[in-house]
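Engineer: turn this into a structure:
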Amino acid sequence: MSTATALIADRAQNWVGGRWVTSAGETIPVANPATEQVVARVPASTAAEAEAAVAAASEAWPVWAATPVAERIRFVRRLADALDRNAEELAGVIATEVGMPRHVAVAAQVGLPAQALRATAEAAESYPWSEPVAAGEVRREPAGVVVAITPWNMPLYQIAAKLGPALIAGCTVVLKPSEVAPLNAYALAELMHEIGVPPGVFNLVVGTGPVVGEALVRDPRVSVVSLTGSVGSGARVAELAAPGITRVCLELGGKSANVVLDDAPLDVVVPAAVQQAFFNSGQACNALTRLVVPEHLHDEICERLSEAVSALRLGDPFDVGVDLGPLVSDRQRDTVRGHVHRALTDGARMLVGGPDQPEGMPVGFYHRPTVFTDVTPNMALAQEEVFGPVLAVQTYRGGSGDSAAVDLANSTEYGLAAGVWSADPERARAVGARLRAGQVKINGVRTRDSLDAPFGGYGRSGLGRELGSFGIDEFVEIKSLLG
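Structural biologist: Okay, the predicted model is just below:
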């Protein structure tokens, strides 16, 4: 693996069938969000190039599917080790193209994907590839060619959450990363070659969703499409996949509630709530962006929030003293600004932050961490995913067995994640059991603490689950052998 500086370079090729293939398409600029400068250009690949990648994956699939599970597991573990060996360089790449502070990215953007791969490998050791039933045997077999379409916010983690279980299941993969932050995917392709993954088992095609993504989803040789992205992207993928009855797994974000019960320890809750809302500048699908608090504790919680959020440091992602970097692009920054302006128009009260460019930072796609209160359920800020550093405080009246808190938490069409805080863990779990969310975190437990637990959402947050044995389930077909 090269140094981080060498990895941030123009790329003219895709990785297809075990070799670099020059693209005939135009190029797409990749910008450093902290400087607004273009640091590399990558291919805007063509539909034909996407189809060639599927062809390579399809050709490689029979041999890979017949490869013993233990050997497939070993490849995934080797990839985890390769990520760890190159963590510093990869974190530098992601800090450059995504904007997350590098000192955070080492663990969050590289260490976490490695952990996810190992957790999947461990789950595969006891996975029921074959199990007896009264009339015979049930077998779980490779589904076929997988298309993985991944986002820019946690790029390597989202790739690992799809790639690991797909490979272990015996599927071959075509990866289409976000063209906003694709350089880390090129580094990953080099690592896949370095660890000896057979040609065609992993393929990389870079380009836009309307061209490359749609060509991949439409291809009749594809058995599973796994996408992490917006609701609009997920709906489009489902529409394109429907004629071929192609299986889709969709992780589409959320408007997740962080429920504070009236006995919760605020000294612990508030710092954790800030981290849960503002991690990666709020650019996280499972960010807990609605803080649901008892009415009588509202003022104290808001005072503590204002102090904690005001202390967050914005700045250069390569500065070790920085808490938050820029948003990923000018488009994303402008979208977040639009949400903030809308909240002000709707009558929400801003406690800290705001839509203006941070003082003393004329360059970079920065947005001040912002907190609103007096946010009612009918406001856009309570219903729409912002995907930026904006936290909404909502209040409920206590009593009625915590039903008011549950009703408020469940008052959106999303259901990806949630949090519950209480001095009594059993009370918190009882409330959590009533929340319509795919993953509920009790008293600050994080997704990264349990990478064998399923991750995915209810409602508009998507279809299917990732991580652990549940992630493997998405990439297998189930066969009954009777008699």
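Engineer: only C-alpha atoms from now on, for both contacts and neighbour counts.
Structural biologist: OK.
Engineer: show me what contacts residue 21?
Structural biologist: 13, 14, 15 (CA atoms under 8 Å, 6 or more residues apart in numbering).
Engineer: does it belong to a helix or a strand, and which?
Structural biologist: strand 19-22 (DSSP states H and E).
Engineer: okay, now the sheet partners of that strand, with direction.
Structural biologist: Applying DSSP bridges, strand 19-22 is found paired with strand 13-16 (antiparallel).
Engineer: using CSV, list the CA coordinates for the partner strand.
Structural biologist: The C-alpha atoms that make up strand 13-16 are tabulated as CSV, following Å, rounded to 0.1, in the frame of the first residue of the first chain:
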residue,chain,number,x,y,z
GLN,A,13,-9.5,2.8,-14.5
ASN,A,14,-11.8,0.3,-12.9
TRP,A,15,-10.9,-3.0,-11.3
VAL,A,16,-12.6,-5.7,-13.4
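Engineer: residues in contact with that strand: which ones?
Structural biologist: Defining contact as CA under 8 Å, 6+ apart, one finds that strand 13-16 is touched by 20-23, 42-43, 52-53, 56, 189, 199-200, 202-206.
Engineer: could I get the buried residue list for the biggest helix by length in the chain?
Structural biologist: Assignment by DSSP state H gives helix 47-66 as the longest helix of the chain. Neighbour counts over helix 47-66 (16 or more other CA atoms under 10 Å) mark 47, 49-61, 64-65 as buried.
Engineer: and if you look at stretch 5-15?
Structural biologist: Buried residues in stretch 5-15, counted by 16+ other CA under 10 Å: 7, 8, 10, 11, 12, 13, 14, 15.
Engineer: show me how far it is from its chain's centre.
Structural biologist: 23 Å (CA atoms, centre = their mean, to the nearest Å).
Engineer: same check, this time on stretch 408-420
Structural biologist: For stretch 408-420, the distance to the chain centre is 17 Å (CA atoms, centre = their mean).
Engineer: start to end distance for that stretch?
Structural biologist: End-to-end distance for stretch 408-420: 13 Å, by CA to CA, to the nearest Å.
Engineer: before we move on, back to that, could the contacts of residue 21 be laid out in JSON lines, adding distance to residue 176 and pLDDT?
Structural biologist: Shown next, in JSON lines, are those (distance: CA to CA, whole Å; pLDDT from 0 to 100):
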{"residue": "13", "distance to residue 176": "13", "pLDDT": "98"}
{"residue": "14", "distance to residue 176": "10", "pLDDT": "98"}
{"residue": "15", "distance to residue 176": "11", "pLDDT": "98"}
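Engineer: and of those, the nearest to residue 381?
Structural biologist: Taking CA to CA as the measure, residue 381 lies nearest residue 14 of the contacts of residue 21, at 39.8 Å.
Engineer: so this structure: which segments form each domain?
Structural biologist: Domains of the chain are assigned by automatic domain parsing as 4-252+462-482, 257-452.
Engineer: most packed of those domains?
Structural biologist: Counting by mean count of other CA atoms under 10 Å, domain 4-252+462-482 has the highest mean neighbour count of the domains of the chain, with a mean of 21.
Engineer: show me where the protein dips below the pLDDT cut-off.
Structural biologist: 1-2, 4 (pLDDT under 70).
Engineer: repeat that with 80
Structural biologist: For the chain, the stretches with pLDDT under 80 are 1-6, 398-401.
Engineer: thinking again about what came up before, just put the contacts of residue 21 in JSON lines and tack on distance to residue 234.
Structural biologist: Below are these laid out as JSON lines (distance: CA to CA, whole Å):
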{"residue": "13", "distance to residue 234": "27"}
{"residue": "14", "distance to residue 234": "24"}
{"residue": "15", "distance to residue 234": "25"}
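Engineer: what about residue 357, is that helix, strand or coil?
Structural biologist: Assigned state for residue 357: coil (three-state reduction, DSSP: H, G, I helix; E, B strand; the rest coil).
Engineer: does it touch residue 367 like I think?
Structural biologist: Yes - the pair residue 357 and residue 367 passes the contact test of CA atoms under 8 Å, sitting 6.3 Å apart.
Engineer: contact partners for the nearest residue to residue 374 once chain neighbours are set aside?
Structural biologist: In this structure, residue 374 finds its nearest non-sequential neighbour in residue 348, 5.2 Å apart by CA to CA, 6 or more residues apart in numbering. Residues near residue 348 by CA under 8 Å, 6+ apart: 372, 373, 374, 375, 376.
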